[in-house]
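Student: Need coordinates for the below:
(chains A, B and C)
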Amino acid sequence: MAWFSRNRSVTLTAVAIIVAAYVFYAINQRVAVSMIDFAWSFAVPLVLAACVGVMGERSGVINIGIEGQMLVGAFSGFFTAAATQSLWAGVIAGVLSGMLMGAFLAWTTVKWQMDQIIAGVVINIIATGLTSFYYKSGQSLTHVMPNIDIPLLSKIPLIGPVFFEGGPIALTTLVIVAILHFALFRTRWGLRTRAVGEYPSAADTAGINVIAMRLLNVTIAGGLAGLAGAYLSMEATPTFERGMTAGRGFLALAIMIFGAWRPLRAFAAALFFGFTSALASQLQASNIVSLPQQFINLLPYVLTLVVLAAAAGRVRPPAAAGQPFVKGEGS
Amino acid sequence: MPDKDVAPPPATPAAAPAVLERGAPPTPGGLWGALIRYQAIVVPVVGLVVAFVVGALLIRQQGVNPTYAYKTLFQSALFTRDGLNQTLQRTTPLIFTGLAVAVPLRVGLFNIGAQGQFIFGALAAAVVGYKLHSAPGIVIILVALLCGLLAGAMWASIAGFLKTSRGVHEVISTIMLNSIAVNIIDYLINNPFKEKGQAIPRTPQIAPQAFLNDMGIVPIGFPIAVILAVGTAWMLRRTTLGFQFETVGRNKAAAGYAGIKINKMILLAMALAGAFAGLAGGIETLGDIHRYESGFNANLGFDGITIALLARSNPVATIPAAFLVGALRAGASALQFDTGIQPEVVDMLLAITLLFVSLPLVAKLIFRRYAAKGSALTSGWGS
Amino acid sequence: MTASPSTPAYGEETGAKDRRAATGDRLLDIVGLSKSFGTVRANRDISLHVERGEIVALLGENGAGKSTLVKQIFGLQAPDEGTIAIKGDAAPIKDPKDAIRRGIGMEHQHFQLVPVMTVAENMILGHETTKHGQLDLEGARQLVRELSEKHGLAVDPDAEIEDLPVGTQQRVEILKALSRKVDLLILDEPTAVLTPQETDELLEVMKELAAGGTSIVFITHKLREVLAVADRVYVLRQGSVVGEVAAADTDARGLATMMVGREVVLRVDKDEPKPGADVLRVADLVVLDDRALPAVDGFTLTVRAGEIVGVAGVEGNGQRELVEAIAGMRPPKGGLITLLGEDITKANPHQTHVAGIGHIPEDRERHGLVGSYSLADNMVLNRFDEKPFANGFVRNFEAVRENGEALFKEFDVRAASVMAPAASLSGGNKQKVVVAREMSFGPKLLMAAQPTRGVDVGSIEFIHRRIVAARDEGAAVLLVSAELDEVLSLSDRIAVIHGGKVVAEMPAADADRTEIGRLMAGDH
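Tutor: Numbers count the residues shown, from 1 in each chain, chains lettered A, B, ... in the order given. All right, here's what the predicted structure looks like:
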């Protein structure tokens, strides 16, 4: 099969990981489920945020502001939920405010040709400023998003309880990754998005509206960042803290690169990050190794650098990522 | 831009250079011409005005009279002896962290890691300062500053090395290095360098003879910072090293063609940036905090980004930009004390100003065809 | 770029002259079209028309406004004044989408193909069909197969564009334009990357299309092709139409004169070469391209002092990598490069410059100049640290300016002053700056890659004269050019490159155009 020969190493790696996971499961059911569950909770916001990066860069816009977009999503989601006592209203507010931040990045960079990296940094500064300025302590939610069981699927050993039993945002994330991957490589929107991110003037001469595609994609992606924020402040924990995204927006960019700008691979990469953290905590908790807590904390950041250094030269970013498109300048 | 088939005549405004000092296009005379020539100043000022208007709305929303709030802010920051001293005290490291971002920007690198480089410098100086407690003051001061400088330079060089050897984009690596620095330092001040018998994790106080004191209201570090900023400007403009930096920043391919060692320039620029940030940390430790304690100087490194962008990576312009940020930061605490307004209002003011400065649209709206074209800073992950 | 020599052109007699006259049905009618960019008037009051089934050539040198004109027809740019009517409909063409809808197809000078996508994906981009929301890629493959069958242009629908040779990419680009219902096909410099034989094939395809009722607007500066295929010719100069003529009623010299506005020297005057000692020796050189594939593969060549050796070949056969390797910009994988006996295989660009190599790079915008620097700075770009331009660490602006002013005069650079930024100059003047810098330090070897690309005729003549002068002063000259005419007219000796190695070497006097064309195509 042509598809298999093209993706052989990736497919084999995936199979190997799944087999290893089940071997682990066979050896110690409880520890396997809890570690992989930990990995997935760690990975959910990273997967969503990496999808934000993928949507932006596949259409030619680098998004350094994911961190800020998530923070605003977490903030407005939490405080809306606290005010209305409705978690769903909170999620909607989180997504909408994320989209607003996405639109901000889209318009400043795509329409007004602001430097994409600076725009992202400005978003992060504004997000930090806004969420601290309006922060009110003492607010709380009585509970987090409820757990949902998907019938049948949640009965699958290992995978079932980890992926198909959980909060609505985590479950939605699975759907989003699958849809985004399919859409990017199998649909008209995906073909056009990739063309716009690789060679915008080719898309332009083929009658595609490059500017509109970029505005749309970056804005929608902002909504996903908002959802990731909502996960943090309403599903993982029922609290908002200043700077609670803690660099996840940047980890997500590394995951996106490691995942070669493909949603499914980014999903796997995020799980890998999560599993590494789970492993470190597990080793720590079981006194197998004794490392200061600070070294456990900095593990994801070091891992990011290692991963990026290893990925260098093996993956190729969308060719037009970072470059503004000006009509008529292309050819 | 016209297509390649059309040769523009010499010096059309549309093809204005990124820097005005070298061969500016003909501009109108009079006030309008002066405004165009000094648009690097005009645009930030306009941004600042807009920011203060928006800030006034935010403040009013909190139920405080904006005029009163601004008056409190500036009065306490500029028009009292203590306040001005505080402002200068903060301006000093900010000039350095501004330079730590501005210099790499000239080489096409965006150093988000001044914060990590800064705290490493601050810690190194603090450790030297208390370990060498029996040495003469001047020796401690020199060794402490040197160690701070080296610590910052080494930390920044990791990002430079990752960039040149593995192509890791400096924006991500420096952000990661910031977080790693915070954790490592937290470990160090909890363990080997912890002050004995203290609940809060912090180093012992440095030897009193190594305190950098003020000359009147001016901290000793301030003139050093100004001299270094001016010296950096001279280096960029007049020396062969500066020429190589600028060439790499403006056209990497041409730099390679011209025999400039691009990787060496990247490593040098990052090391230099780290040295500035580390030196800022050292001066902050010796001149103000007198030990390392986390939570202090929390934002000085990040403010460097704002300052460098406000100054359009011009080293001399980092001085007023740092002064502005320093005054706002110094006044913010009085503002909170007096009116209950969160000091984060300053972040909002700065973010809005920054937005105005870096949106090409703003300059285009004001100056139309005379708008200076800022050179594109970054070009994706590949470079 | 160079006006064609007056050698008899292949295929000239089989041209359009024997085809039926056009039908009198106006497909395109442009009236009073003007377009400016800032103070540059790219098109002034242009009126022209194209009839159904007619091949119209737009002829003009670089900067004449040809590309700007067709970009407006395709909706990429909007005219300032005037109307473009398609099949009698003068509604403005809003964007490429609108142009495509109205039956216009365009083959672009810089191929508008996404390199990482397959032929089939590129073919349907912008007018995709879907099945249940999923892209119909099988249908796309079928479309590619049908089109390539119909027009006799073979391509593999599943090949990725970046893996294809330029000639094949060109086919894809044309098939893409034809994949929609096209009444008017615009071809912007389609033959620039083709061998003479591939060019002949393309001209045949054009004739067949025209016979089938498709009108063609054909941009070129190669007179031979115009005479071979066009029914009518519009000549553009400085944005205006300066002549309209039936191809049957003119010849190469007449067209060249119309194009430039004066009699053109079609041949470079030069004396017999007096070759001296070997300067550059390249032996079994292997150089990898950006994708780590061997682009130069066993290249061997010697260039002596006082001679011009021209490397002829279709672009993408390793020329760029060869030049970059000699200049020290791309470390070779294997083989040996020596300059005057000194091994410079591993030298960096600084060392090759010091060793005496002057290098006029292929891409002057990317490599040759820093656009925001002044001309004076650009003229010392690779010598900024040498005396007198720097005293140790400190630059000497005075010396830099004086040097700039001297070269400015000597090389006749047209610019406001030496302090003007390089970006503000025209292509020809930019190139003069690069040429001035690379010739002014007395190089032992002058390497000129595409030295006259995108340069006006006046500057071409000037640059050619300077290259010959450098040879006469004893420099070895390595000329690499995709313009076969330039190689033929300037070289003393010609090496044909194909697949990264020299496939034939001959004195220029013995060179035969058709033979070289065959060798360039890999037929040896």
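Student: Settle this for me: residue C:467 is touching residue C:452, isn't it.
Tutor: No. With contact defined as Cβ atoms under 8 Å, residue C:467 does not count as touching residue C:452 (9.5 Å). C-beta here means a position set from N, CA and C on the backbone, and glycine is covered the same way.
Student: who has more neighbours, these two?
Tutor: residue C:452 (27 against 24; other Cβ atoms under 10 Å in any protein chain shown).
Student: What residues does that one make contact with?
Tutor: Residues counted as contacts of residue C:452 (Cβ atoms under 8 Å, 6 or more residues apart in numbering or on different chains) are C:1, C:2, C:431, C:459, C:460, C:463, C:464, C:481, C:483, C:486.
Student: any idea how far chain A is from it?
Tutor: Plainly put, residue C:452 is 21 Å away from chain A if you go by Cβ to the nearest Cβ, to the nearest Å.
Student: For residue C:436, see how far away that residue is.
Tutor: 15 Å (Cβ to Cβ, to the nearest Å).
Student: so where's chain C shaky on pLDDT?
Tutor: Counting by pLDDT under 70, the low-confidence segments of chain C come to C:1-24, C:262-267, C:524.
Student: okay, now the domains of it?
Tutor: Domain assignment of chain C by automatic domain parsing yields the ranges C:19-260, C:267-356+C:477-524, C:357-441.
Student: Would you mind telling me which of the ones you listed is nearest chain A?
Tutor: domain C:19-260 (3.1 Å; Cβ to the nearest Cβ).
Student: can you give me the strands for the chain?
Tutor: The chain I'm using is chain A. A:148-149, A:165-166 (DSSP state E).
Student: was after chain B, sorry
Tutor: Under DSSP E, chain B gives strands at B:214-215, B:218-219, B:294-297.
Student: Let me know which of the ones you listed is tucked in deepest.
Tutor: strand B:218-219 (a mean of 20; mean count of other Cβ atoms under 10 Å in any protein chain shown).
Student: other SSEs contacting that strand?
Tutor: Contacting strand B:218-219 under the criterion 3 or more Cβ pairs under 8 Å, 6 or more residues apart in numbering or on different chains; DSSP states H and E are the following elements: helix B:81-106.
Student: How far off centre is the helix it packs on?
Tutor: Here the centre of helix B:81-106 is set off from its chain's centre by 7 Å, with Cα atoms, centre = their mean, to the nearest Å.
Student: That helix and chain C in contact?
Tutor: No. Under the criterion of Cβ under 8 Å from any Cβ of the partner chain, helix B:81-106 makes no contact with chain C; the nearest approach is 12.2 Å.
Student: how far away is the residue of the stretch 101-250 of chain C found nearest chain B from residue C:43?
Tutor: Relative to chain B, the nearest point of the stretch 101-250 of chain C is residue C:239 (7.9 Å; Cβ to the nearest Cβ). From residue C:239 across to residue C:43, the span is 5 Å (Cβ to Cβ).
Student: Near chain C, which residues of the stretch 151-300 of chain B? Just list them.
Tutor: B:238-244, B:247, B:250-251, B:253-254, B:256-261.
Student: The same query, at a cut-off of 10 Å, please.
Tutor: B:234-235, B:237-244, B:246-247, B:249-261 (Cβ under 10 Å from any Cβ of the partner chain).
Student: quick revisit: got any residues that touch both of residue C:239 and residue C:43?
Tutor: B:6, C:34, C:35, C:36, C:64, C:65, C:66, C:68, C:69 (Cβ atoms under 10 Å, 6 or more residues apart in numbering or on different chains).
Student: Report the two of these separated the most.
Tutor: Farthest pair in these (Cβ to Cβ) is C:36 and C:66. Separation: 16.0 Å.
Student: Which of these two has more residues huddled nearby?
Tutor: More crowded of residue C:36 and residue C:66, by other Cβ under 10 Å: residue C:66, with 29 against 17.
Student: Is it correct that the more buried one is in contact with residue C:220?
Tutor: Yes. With contacts counted by Cβ atoms under 10 Å, residue C:66 reaches residue C:220, the gap being 8.7 Å.
Student: shared neighbours, the two?
Tutor: Joint contacts of residue C:66 and residue C:220 (Cβ under 10 Å, 6+ apart) are C:57, C:58, C:59, C:60, C:188, C:189.
Student: Report the contact partners of the fifth one.
Tutor: The contact partners of residue C:188, by Cβ under 10 Å, 6+ apart, come to A:331, B:5, C:58, C:66-67, C:70-71, C:74, C:106-110, C:173, C:217-220.
Student: I'd like to know which of those are part of helices.
Tutor: C:66, C:67, C:70, C:71, C:173 (DSSP state H).
Student: can I get these in JSON lines with distance to residue C:228?
Tutor: Shown next, in JSON lines, are those (distance: Cβ to Cβ, whole Å):
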{"residue": "C:66", "distance to residue C:228": "18"}
{"residue": "C:67", "distance to residue C:228": "22"}
{"residue": "C:70", "distance to residue C:228": "20"}
{"residue": "C:71", "distance to residue C:228": "25"}
{"residue": "C:173", "distance to residue C:228": "21"}
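Student: Among the residues you listed, which one is most surrounded by other residues?
Tutor: residue C:66 (29 neighbours).
Student: Next, residue B:201: phi, psi?
Tutor: phi -70, psi 120 (degrees, to the nearest 10).
Student: Make sure it is actually in contact with residue B:188.
Tutor: Yes. Applying Cβ under 10 Å, one finds residue B:201 in contact with residue B:188, separated by 9.2 Å.
Student: interface residues of the stretch 1-150 of chain A facing chain B?
Tutor: A:57, A:60, A:62, A:64, A:67, A:104, A:107-109, A:111-135.
Student: Now restrict those residues to buried residues only.
Tutor: A:57, A:60, A:62, A:64, A:67, A:104, A:107-109, A:113-134 (16 or more other Cβ atoms under 10 Å in any protein chain shown).
Student: contacting residues for residue C:70?
Tutor: Residue C:70 neighbours (Cβ under 10 Å, 6+ apart): B:3, B:5, C:58, C:76-77, C:104, C:106, C:108-109, C:186-188, C:217-219.
Student: from the residues you listed, which ones fall inside strands?
Tutor: Counting by DSSP E, those contribute C:58, C:104, C:106, C:186, C:187, C:188, C:217, C:218, C:219 to strands.
Student: so where does the closest residue to chain B within the stretch 201-350 of chain C fall, helix or strand?
Tutor: For the stretch 201-350 of chain C and chain B, the shortest gap (Cβ to the nearest Cβ) falls at residue C:350, measuring 3.0 Å. In the assignment (DSSP states H and E), residue C:350 maps to helix C:349-355.
Student: Look through chain A and tell me its longest helix.
Tutor: Max-length helix for chain A by DSSP H is helix A:29-58.
Student: can you check chain B too?
Tutor: Per DSSP H, chain B has its longest helix at helix B:137-166.
Student: What values do phi and psi take at residue 246?
Tutor: This is for chain A. Per degrees, to the nearest 10, the backbone of residue A:246 is at phi 50, psi 40.
Student: actually it's chain C I care about, not the one you picked
Tutor: phi -70, psi 140.
Student: That one reaches residue C:232, doesn't it?
Tutor: Yes. Counting by Cβ under 10 Å, residue C:246 touches residue C:232, with 5.6 Å between them.
Student: The two: who's more crowded?
Tutor: The residue with more neighbours, out of residue C:246 and residue C:232, is residue C:232; 21 against 13, by other Cβ under 10 Å.
Student: so what's the residue of the stretch 201-350 of chain C closest to chain B up against?
Tutor: Contacts of residue C:350 (Cβ under 10 Å, 6+ apart): B:258, B:259, B:260, B:261, C:328, C:382, C:385.
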